[in-house]
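Participant: would you be able to build a 3D model of this:
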Amino acid sequence: MKLTSYHTTRPRRRERGSVLAVGAVGMLAFLLSAGLAVDISHFYLVKTELQNAADAAALAGASALNSHPGGIESAVKLASETVKNSYEFNKTGVTITRDNVLFSKNLNGPYLSANSASSSGTARNIRFVKVTLPPSAVKTSFTTPLLGNALDLAAEATAGMSVPLNNFCDYIPVAVIDNDDANYFVPGQTYTIRRAPGDGVSPGNYQILAIDGSGADDDREGLGKGVRKCVGAGGIVRTKPGVSAGAVRQGLNTRFGDYSGGLDPTEYPPDANVKENINYNPQYLDAQKLLKVGQIPKTNYQAPPRGTPTHDKRRVLIPLIKKSEFDQGRDEVRINRFAAFFLQTKVGSGNGGDITVEYIAMDTVLGAGGYDPAGGPPSPELSIPVLYR
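Facilitator: Take a look at the predicted model:
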């Protein structure tokens, strides 16, 4: 009996050791799996932060495109400024150089360096910006034996001009009379879009649009920073009777750093260059190109007397309306299309509130808006920045 008892207990002792070994291996596998899950989650989080930074940089770069070499330089600067301190919960900085910002006229390339894209003939056709973030080392915590001390992560994004738009926001609440002649607006030509009393398009109507409201404050605010209500080509808007020279002058002149109307410079910032009687292309754009790389232009430049400078405040979006819409003093008119104009001068102190602008006939990113398939015809020269991939 003792012999039998001895043989039945030996395997059980060996089983105790094997169970301990299996348990230890299982625990190790569990810990490695948990550590791998933690590290992978961290990698995904950092990758998302880097991708968000690349997306923001590409969109910022695309917002500067204006068919001019200065737009290329602005795109590089904006992309570089946007991407700083953008991953590891903003604790780790990542920087990009000119070589990380590329340009193309087609979404699928070929993509050119900023230097190559900056020539006048090439910049005119650039519509896309690609930003590539350099590899960033992300430390491992639990998977060092498998992945090493760190894993390099990178990100890339492409943004560019949208398709032509037919619905717009941030335009100013005055109308430009759209002549039936298709060649009426000439690139670089100066136009006075409002004149003194006696020259109105219809009795008592001086082309002010009551978009956000019909009061003088609405005029000032809309002319100073653009209206809030979006409208498209073919949309119906109300007009406002009266000259309103004071409100027009006080609102529009904030873009030149003139705050005699009492508006807040913080809410209504001036343009970075308030030099009057210069043209948009090349004088304003050439000066802007220097300003955006930290240089002070020697000609065609004047700093605003008040406020924090903001680029492109003198470039405005204005609805175009046919003169026949104003016949019989109508209080509702139909928008024909939109166009971009450059404010050449401040509004003077006369009783008419004349507005002098230059027609911009260049593909440009301006304001905000979209495309409505059921809306009117698009404006092929106007777009907004869009993230493509």
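Participant: hey, let's count contacts and neighbours off CA atoms from now on
Facilitator: Noted.
Participant: how does this structure divide up, domain by domain?
Facilitator: Domain assignment for the chain, taken from automatic domain parsing, gives 2-161, 167-383.
Participant: now the weakest link among the ones you listed, please, by mean pLDDT.
Facilitator: When the domains of the chain are compared by mean pLDDT, domain 2-161 comes last with a mean of 78.
Participant: show me where this structure has its helices.
Facilitator: 2-62, 69-82, 114-117, 120-123, 144-147, 216-225, 245-252, 285-291 (DSSP state H).
Participant: gap between the second one and the chain center?
Facilitator: Translated: helix 69-82. Helix 69-82 has its average C-alpha position 12 Å from the chain's average C-alpha position, going by CA atoms, centre = their mean, to the nearest Å.
Participant: that one packs against which elements?
Facilitator: Judged by 3 or more CA pairs under 8 Å, 6 or more residues apart in numbering; DSSP states H and E, helix 69-82 is in contact with helix 2-62, helix 114-117, helix 120-123, helix 285-291.
Participant: contacts for it, please.
Facilitator: 53, 56-65, 95-98, 101, 114, 117-120, 123-124, 131, 285-286, 288-289, 292-293 (CA atoms under 8 Å, 6 or more residues apart in numbering).
Participant: list the buried ones in it?
Facilitator: 69-80, 82 (16 or more other CA atoms under 10 Å).
Participant: re earlier: are any of the contacts of helix 69-82 buried, and which?
Facilitator: The neighbour-count test (16+ other CA under 10 Å) marks 53, 56-65, 96, 98, 101, 114, 117-118, 123-124, 131, 285-286, 288-289, 292 as buried among the contacts of helix 69-82.
Participant: before we move on, back to that, what's the closest of the domains of the chain to Arg389?
Facilitator: Nearest to Arg389, of all these, is domain 2-161, at 5.2 Å by CA to CA.
Participant: who's in contact with Pro173?
Facilitator: Counting by CA under 8 Å, 6+ apart, the residues that Pro173 touches are 208-211, 219, 222-223, 226-227, 318.
Participant: and Glu218, how far is that from Pro241?
Facilitator: In this structure residue 218 is Asp, not Glu. 14 Å (CA to CA, to the nearest Å).
Participant: again, but for Ala114
Facilitator: For Ala114, the distance to Pro241 (CA to CA) stands at 49 Å.
Participant: name the nearest of the contacts of Pro173 relative to Asn166.
Facilitator: Among these, Ile318 lies closest to Asn166 (CA to CA), at 12.9 Å.
Participant: and for that closest one, the neighbour number?
Facilitator: Per other CA atoms under 10 Å, the neighbour tally for Ile318 reads 20.
Participant: thought Cys169 was touching it, still the case?
Facilitator: No. Judged on CA atoms under 8 Å, Ile318 makes no contact with Cys169 at a distance of 10.1 Å.
Participant: which residues touch the closest residue to Val174 other than its chain neighbours?
Facilitator: Distances taken as CA to CA, 6 or more residues apart in numbering put Ile208 closest to Val174, at 4.4 Å, once the chain neighbours are dropped. Neighbour list for Ile208: 173-175, 219, 239-241 [criterion: CA under 8 Å, 6+ apart].
Participant: count the residues that sit near Asp212.
Facilitator: Residues near Asp212, counting by other CA under 10 Å, number 17.
Participant: what sits against it?
Facilitator: So Asp212 contacts 218, 222, 227-229 (CA under 8 Å, 6+ apart).
Participant: drop anything exposed from those residues.
Facilitator: Among the contacts of Asp212, those classed as buried by neighbour count (16+ other CA under 10 Å) are 218, 222, 227.
Participant: now the residue most central in space within the chain: closest residue in space that isn't a chain neighbour?
Facilitator: Of all residues in the chain, the one closest to the mean position by CA atoms, centre = their mean is Ser63, 3.8 Å from it. Distances taken as CA to CA, 6+ apart place Pro385 nearest to Ser63, at 5.3 Å, with adjacent residues excluded.
Participant: what sits against the one you found?
Facilitator: Here Pro385 is in contact with 59-60, 62-63, 159-162, 365 (CA under 8 Å, 6+ apart).
Participant: turn those residues into CSV, including distance to Val248.
Facilitator: Output for those, formatted as CSV (distance: CA to CA, whole Å):
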residue, distance to Val248
Leu59, 33
Ala60, 31
Ala62, 32
Ser63, 28
Ala159, 36
Gly160, 34
Met161, 31
Ser162, 31
Val365, 25
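Participant: among the residues you listed, which two are most distant?
Facilitator: Across the contacts of Pro385, the longest distance by CA to CA is 13.7 Å; it joins Ala60 and Ser162.
Participant: right, and Val243 touches Gly350 too?
Facilitator: No. Taking contacts as CA under 8 Å, Val243 lies outside contact range of Gly350: 11.0 Å.
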